[in-house]
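Enquirer: model the structure of this input:
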Amino acid sequence: MEPREFLAIAMFVCFIALIFAGFPVAWVLGGLAVVFTAFAIIAERDFGIATGVDWSYSSLVVERIWDLMDNWVLVALPLFILMGLLLDRSGIAADLMRNFARLFGRVRGGLAVAVALIGLLLAAATGIIGASVVLLSLLGLPVMLEKGYGKELAAGTVCAVGTLGILIPPSIMLVLMADRLAMPVGDLFLGALLPGLLLGGLYIAYILLYAALRPGAAPAPDDAPPVDLSVLRDVAVAVLPAAGLIVAVLGSIFFGIATPTEAAGVGAFGALLLAWGKGALGGAVLRDVLHHTTRTTGYLFGIFVGATAFSLVLRGLGGDELIEGALLGLPFGATGIVVSILLCTFLLGFFLDWIEITFIVLPLVAPVVEALGFDLVWFTVLFAVCLQTSFLTPPVGFALFYLKGVAPAEIRVGHIYRGVVPFIALQILGLVLVFRWPQIVTWLPSAAYGP
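Expert: Numbers count the residues shown, from 1 in each chain. Next up is the predicted model:
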């Protein structure tokens, strides 16, 4: 190992330690880049250790940040965030919950299935985890608890389904991954669609099986009205606005009518129209939505800047060659290397947020996987499915905190932790299925764009 690589290892270890200490991610990334540049200069000047890193890297950072801010794909981020927040405030989800509850009211576990279906629609319409989990908690948890559902099943369903927004397009995470790896966003959107629906199907199958085996934990209400044409009509009317927006956004991308940035503009405009049509576009709502959009976008771009500086210095110190050599040196073969990367990613998800892993780890391991001959879209979607699990795994599972923050007092942390365990197992099962059959990811992009 070269002496400069010890600095690369120390840099990564300090990053993990400072994140655990609670320091802001953007400041940690940028600050470590400056500090370890200074260490590299001192090591070369005073100890004769060739590091190859000096203050000229600062000017390179500026050039890369300029390229980052000139990236039209990233314009989609604030637009997708705006779309999701507007739909959150428009009342569409409340209409869906009311009508789906009528549709599935006579089915054991029907309310949990209704929450799962609403979560799928919200995932495809928003891509914002916090908004989805909070909204599903406020709409679904009280109803399920009132009807006698088990606390673990109710909490686990809300947490798991709420995280689908990070995988099902238009996912903010997929946009960021595409930018980090210089890939077409449309390829990732198409590749992630079927795995996301697969996970949603596994959740619903588990809910129905759980309800069949433990009827007391997911009862069918005795007073549920029969399903008639009026119920079906009301469900269709509630679903059409969100479904129409999803088709407009994703369909325009998938069929090559619009770029992801243009489609994001269509989605934001459509969400404005839906909120206006529902009478929910008052001045206070619009100010609140714009405020949260600006804060979230600023947070993401702050991390972009810090990650650009951090990655540049880490690679200057030989961090990418170190990781590549370590991975290729594993005695497992190509498939075993990919499994090792996914296992490490899963374990990192217990302690790190998906943003840190996406910005730092993914760009380091993806070139190795591509060099081994694997399809990069397939691996990136696998990586995304693995990262989705990080929202449910304690101690840093953000979906758990989102739920606890708005859940009724009777829902305790223990209920939430026990409730998400089966869904984590289902996510791992979904990961195994996508790993075993890559066509789940690759078929749709190849059908849309050709080989």
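Enquirer: state the distance from the residue nearest the centre of the chain to Leu153.
Expert: Nearest to the mean C-alpha position of the chain, by Cα atoms, centre = their mean, lies Ile166 at 2.4 Å. From Ile166 over to Leu153 the distance is 22 Å, taken as Cβ to Cβ, to the nearest Å. For the C-beta atoms, the positions are set from N, CA and C on the backbone; glycine is no exception.
Enquirer: swap in Leu286?
Expert: As judged by Cβ to Cβ, Leu286 and Leu153 stand 37 Å apart.
Enquirer: when those two are compared, which one has more neighbours?
Expert: Leu153 (24 against 16; other Cβ atoms under 10 Å).
Enquirer: quick check: the more buried one touching Val421?
Expert: No: at 11.5 Å, Leu153 does not count as touching Val421 under the criterion of Cβ atoms under 8 Å.
Enquirer: hey, where'd the strands end up in this structure?
Expert: With strands called from DSSP state E, the chain shows none.
Enquirer: quick one, helices of the stretch 151-300 of the chain?
Expert: 151-162, 172-181, 185-213, 229-254, 260-277, 283-316 (DSSP state H, counting those that start in this stretch).
Enquirer: scratch that, the stretch 351-451 of the chain is what I was asking about
Expert: Under DSSP H, counting those that start in this stretch, the stretch 351-451 of the chain gives helices at 354-356, 362-371, 376-388, 398-406, 413-436, 439-449.
Enquirer: what lies in contact with the shortest one?
Expert: Translated: helix 354-356. Contact with helix 354-356 is made by Phe15, Ile19, Val25, Ile166, Met173, Leu176, Leu300, Ile303, Leu387, Gln388, Ser390, Phe391, as judged by Cβ atoms under 8 Å, 6 or more residues apart in numbering.
Enquirer: which one of those sits closest to Asp234?
Expert: Closest approach to Asp234 among the contacts of helix 354-356 (Cβ to Cβ): Ile166, at 30.2 Å.
Enquirer: just to revisit the earlier point, can I get the contacts of helix 354-356 in TSV including distance to Pro221?
Expert: As requested, the contacts of helix 354-356 are exported to TSV (distance: Cβ to Cβ, whole Å):
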residue	distance to Pro221
Phe15	51
Ile19	46
Val25	45
Ile166	32
Met173	37
Leu176	43
Leu300	43
Ile303	46
Leu387	37
Gln388	32
Ser390	36
Phe391	31
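Enquirer: can I get these in CSV with distance to Pro408 and pLDDT?
Expert: Formatted as CSV, the contacts of helix 354-356 follow (distance: Cβ to Cβ, whole Å; pLDDT from 0 to 100):
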residue, distance to Pro408, pLDDT
Phe15, 38, 86
Ile19, 32, 77
Val25, 32, 79
Ile166, 25, 81
Met173, 30, 84
Leu176, 34, 84
Leu300, 32, 77
Ile303, 34, 80
Leu387, 29, 85
Gln388, 26, 85
Ser390, 26, 78
Phe391, 21, 78
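Enquirer: in the stretch 101-250 of the chain, where is pLDDT below threshold?
Expert: Along the stretch 101-250 of the chain, segments meeting pLDDT under 70 span 125-131, 222-225.
Enquirer: swap in the stretch 351-451 of the chain?
Expert: If you take pLDDT under 70 as the line, the stretch 351-451 of the chain has these spans: 395-396, 449-451.
Enquirer: nearest residue to Ala43 other than its sequence neighbours?
Expert: Spatial nearest neighbour of Ala43, chain neighbours left out: Ile49 (4.2 Å); criterion: Cβ to Cβ, 6 or more residues apart in numbering.
Enquirer: repeat for Trp27
Expert: Gly306 (6.9 Å).
Enquirer: looking at the helices of the stretch 151-300 of the chain, which is nearest to Ala10?
Expert: For these, proximity to Ala10 was assessed by Cβ to Cβ; helix 283-316 is nearest, at 10.7 Å.
Enquirer: one step back: tell me the most buried of the helices of the stretch 351-451 of the chain?
Expert: Per residue and on average, the most neighbours among those fall to helix 376-388, with a mean of 25 (mean count of other Cβ atoms under 10 Å).
Enquirer: contacts for that helix, please.
Expert: 163-164, 166-167, 171, 173-174, 177, 181, 183, 187-188, 191-192, 195, 199, 338, 341-342, 345-346, 349, 354, 357-358, 362, 366, 369-370, 427, 430-431, 434-435, 438, 441-442, 445.
Enquirer: got the angle for it vs helix 398-406?
Expert: Helix 376-388 runs at 40 degrees relative to helix 398-406, counting by axes from the mean of the first three to the mean of the last three Cα atoms, to 10 degrees.
Enquirer: what angle do helix 151-162 and helix 376-388 make with each other?
Expert: Orientation of helix 376-388 against helix 151-162 (the same axes, to 10 degrees) gives an angle of 150 degrees.
Enquirer: how far is helix 376-388 from where the chain is centred?
Expert: Averaging C-alpha coordinates over helix 376-388 and over its chain gives two centres that are 11 Å apart (Cα atoms, centre = their mean, to the nearest Å).
Enquirer: could you do stretch 379-392 as well?
Expert: What separates the centre of stretch 379-392 from the centre of its chain is 8 Å, taken as Cα atoms, centre = their mean.
Enquirer: using CSV, write down the CA coordinates of that stretch.
Expert: What follows is stretch 379-392, C-alpha atoms only, in CSV (Å, rounded to 0.1, in the frame of the first residue of the first chain):
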residue,chain,number,x,y,z
PHE,A,379,-26.2,-2.9,-10.9
THR,A,380,-27.4,0.7,-10.2
VAL,A,381,-31.0,-0.5,-9.7
LEU,A,382,-29.7,-3.3,-7.4
PHE,A,383,-27.8,-0.7,-5.5
ALA,A,384,-30.9,1.5,-5.2
VAL,A,385,-33.0,-1.5,-3.9
CYS,A,386,-30.3,-2.1,-1.4
LEU,A,387,-30.3,1.5,-0.3
GLN,A,388,-34.1,1.5,0.0
THR,A,389,-33.6,-0.9,2.9
SER,A,390,-31.6,1.7,4.7
PHE,A,391,-34.8,3.7,5.4
LEU,A,392,-36.1,0.8,7.5
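Enquirer: and Glu63, what's its pLDDT?
Expert: Predicted confidence (pLDDT) for Glu63: 73.
Enquirer: run a quick neighbour tally on it.
Expert: For Glu63, the neighbour count with other Cβ under 10 Å is 11.
Enquirer: contact partners for it?
Expert: By Cβ under 8 Å, 6+ apart, Glu63 has no neighbours at all.
Enquirer: tell me the most buried of the helices of the stretch 151-300 of the chain?
Expert: Note that of those, helix 151-162 is the most buried (mean count of other Cβ under 10 Å), with a mean of 28.
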